[in-house]
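S.K.: Show me how the following folds:
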Amino acid sequence: KERMAEELKMCSVQFTNRDAIAVCCAMDASGNLEAVRFLKGGTYYAHRNREILKRIEKSRKLSGNPYNLDANKRYWKRLRCISDDMAHQISRQIVDFCVENEVDVIVLPKYDKQYSKYVMAAVGNWSPLHLNYQIRRKLKYKAWKAGLLLLESSETDINRYCARCGGIIRKTGEQFICENGHRGNRRVNAAVNLGIKTWKSLSKHMSDQTQNVSGKD
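M.R.: You can find the predicted model right below:
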């Protein structure tokens, strides 16, 4: 709350299931976008995982026992190592981006139960989007070490509205167009909306607390 009161910069992050595993947007306290970075590697990550999963499936068929996990220990270990390495890389790049742009607060999207149940189940455990869970865990200590505050904010409706005018948007692949004619990358738009939503929520909370304190006085 103290950092928000000082109007420090924020980095809003969006996770995707495409080549850009994370999209980072540096914003000032007024919601103005100052820098954007697409952290790529999702396509290569998904390809490596698919190749190993194919080997696991082939090994299961040859063994005649699909439930024999011991037969593929080395493959499962390799999958975990690949995921751990990629999560380390992306979390480090997020922190580096924040340091370069003098950001003080990182905000991540908080998914609801329905999103976790249906979307995450659909993309699978070894997808770029599912990697966000490991990235979050590694960001906690890396952000703390770099002096960055890490927050989570609900991602509800951030994909529905234009960050510039609030108009309803229509998706066209990775791009969007809003009812007022604004266009752009929909991941960046969602990240900016998440940042603005977080600023407004915390500003309102601080205002309410100030009023309560004044009332007591």
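S.K.: which residues of this structure fall in strands?
M.R.: Secondary structure of the chain, counting by DSSP state E: strands at 10-15, 20-27, 33-40, 105-110, 149-154, 169-172, 175-178, 183-185.
S.K.: could you say what helices and strands the fifth one packs with?
M.R.: Read that as strand 149-154. strand 105-110, helix 132-145, helix 186-216 (3 or more Cβ pairs under 8 Å, 6 or more residues apart in numbering; DSSP states H and E). Backbone N, C-alpha and C define where each C-beta goes, glycine included.
S.K.: what comes up buried for the second one?
M.R.: Translated: helix 132-145. Residues of helix 132-145 classed as buried: 132, 134, 135, 136, 138, 139, 142, 143 (neighbour count, 16 or more other Cβ atoms under 10 Å).
S.K.: if we can go back for a sec, could you identify which of the helices and strands packed on strand 149-154 is most buried?
M.R.: strand 105-110 (a mean of 21; mean count of other Cβ atoms under 10 Å).
S.K.: how far off strand 10-15 does that strand point, in degrees?
M.R.: With axes from the mean of the first three to the mean of the last three Cα atoms, to 10 degrees applied, the angle from strand 105-110 to strand 10-15 works out at 30 degrees.
S.K.: model confidence over strand 105-110, on average?
M.R.: Taken as a whole, strand 105-110 has an average pLDDT of 95.
S.K.: For the closest residue to residue 75 other than its chain neighbours, list the residues it contacts.
M.R.: Among residues not flanking residue 75 along the chain, residue 56 sits closest, at 4.9 Å (Cβ to Cβ, 6 or more residues apart in numbering). The contact partners of residue 56, by Cβ atoms under 8 Å, 6 or more residues apart in numbering, come to 72, 75, 76.
S.K.: Distance check, residue 126 against residue 196.
M.R.: According to Cβ to Cβ, to the nearest Å, residue 126 and residue 196 sit 33 Å apart.
S.K.: related to what we said a few turns ago, now restrict the contacts of residue 56 to buried residues only.
M.R.: So, by 16+ other Cβ under 10 Å, the buried ones in the contacts of residue 56 are 72, 75.
S.K.: Kindly reformat the contacts of residue 56 as CSV containing distance to residue 61.
M.R.: Formatted as CSV, the contacts of residue 56 follow (distance: Cβ to Cβ, whole Å):
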residue, distance to residue 61
72, 12
75, 14
76, 17
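S.K.: Out of the contacts of residue 56, which is nearest to residue 34?
M.R.: Of all the contacts of residue 56, residue 76 has the smallest distance to residue 34: 42.2 Å, by Cβ to Cβ.
S.K.: what's near enough to touch residue 34?
M.R.: With contacts defined as Cβ under 8 Å, 6+ apart, residue 34 is in contact with 9, 26, 27, 28, 101.
S.K.: Find me the pLDDT at it, would you?
M.R.: Reading off the model, residue 34 has pLDDT 95.
S.K.: so where's the protein shaky on pLDDT?
M.R.: 1-7, 63-71, 203-217 (pLDDT under 70).
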